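Asker: Pasted the sequence and its predicted model underneath.
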Amino acid sequence: MNPSEILTKTENYVRQKLEGEGTGHDWWHIHRVRNMALKIGKEENADLFVVELAALLHDIADHKFHDGDEDIGPATARNWLENLNVDEKAINHVTHIIRDASFKGAEVDTPMKTIEGKVVQDADRLDALGAIGIARAFAYGGHKGRELHNPDIPPKKHDSFDQYKKSTGPTLNHFYEKLFLLKDRMNTDYGLKLAEERHQFMEEFVNRFLLEWDGKE
């Protein structure tokens, strides 16, 4: 099976599995991340086959929806790619990207070992920023039954992935616990440029939110 056929089958598989999902981790999230990863990957002269496969499969079984299981995503991706007879080296590369790409806490480093991993991580993080990032944060918070904001519950700087996964704070805390931290963790110049613009928009949104919350607008 040639690379084009593998990518087409993988796109169809992911779309069928995630289409209509309502927490912001749906097919259209994958679609945006894939397109952004390819754009950054071209700038970085990355292996676009690995980049596209990893972007397509990065949320195929997210730990957030599988009781915090960090292994199910890479394992699901590996099973799919082995069934398509993808080269073992490419499978290992893709599954390592999937395992390492996600944010794991404010005090937890998540370095990527390859340019392909850095590209996919940047693309995924960009989709957590800006207007879409705001929308996704509140969609997920609503799904989890979280308050919009509670001034009596301060944000926390999680120093382990387990702490981060167990967080149940209000959605606005998520901006301080993760989203506002992403800009300074971008790997590529192109990703950083976009992140700076989206970060500024989020800051303006949160400032406005707090003004309205306090009736000061």
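Answerer: Sure, I can see it.
Asker: pLDDT-wise, which helix or strand of the protein ranks last?
Answerer: Ranked by mean pLDDT, DSSP states H and E, the helix or strand of the chain with the weakest confidence is helix 161-165, at a mean of 64.
Asker: Can you give me the buried ones in the lengthiest helix in the chain?
Answerer: Ordering each helix of the chain by length in residues (DSSP state H) puts helix 189-213 first. Buried residues in helix 189-213, counted by 16 or more other C-beta atoms under 10 Å: Tyr190, Gly191, Leu192, Leu194, Ala195, Arg198, His199, Met202, Val206, Phe209. For every residue, glycine as well, the C-beta is placed using N, CA and C.
Asker: my guess is Leu48 meets Lys42, correct?
Answerer: Yes: using C-beta atoms under 8 Å, Leu48 is in contact with Lys42, at 7.1 Å.
Asker: and the two? which has more neighbours close in?
Answerer: Comparing Leu48 with Lys42 by other C-beta atoms under 10 Å, the one with more neighbours is Leu48, at 18 against 13.
Asker: does the closest residue to that one other than its chain neighbours belong to a helix or a strand, and which?
Answerer: Distances taken as C-beta to C-beta, 6 or more residues apart in numbering place Gly41 nearest to Leu48, at 5.2 Å, with adjacent residues excluded. For Gly41, the host element (DSSP states H and E) is helix 27-43.
Asker: Run through who's touching that helix.
Answerer: Helix 27-43 has contacts (C-beta atoms under 8 Å, 6 or more residues apart in numbering) with 14-15, 18-21, 46-48, 51-52, 54-56, 58-59, 116, 119-120, 122-124, 126-127, 132, 136, 188, 190-191.
Asker: which stretches of the chain form helices?
Answerer: For the chain, applying DSSP H gives helices covering 3-18, 27-43, 48-57, 72-83, 88-100, 115-126, 130-143, 161-165, 171-177, 189-213.
Asker: quick one, the helix holding Gly41 and helix 115-126 angle?
Answerer: 140 degrees (axes from the mean of the first three to the mean of the last three C-alpha atoms, to 10 degrees).
Asker: What average pLDDT does helix 27-43 get?
Answerer: Per-residue pLDDT over helix 27-43 has a mean of 96.
Asker: And that helix, what's buried?
Answerer: 27-34, 36-38, 40-41.
Asker: contacting residues for Gly141?
Answerer: Gly141 touches Glu147, Leu148, Pro170, Thr171, His174, counting by C-beta under 8 Å, 6+ apart.
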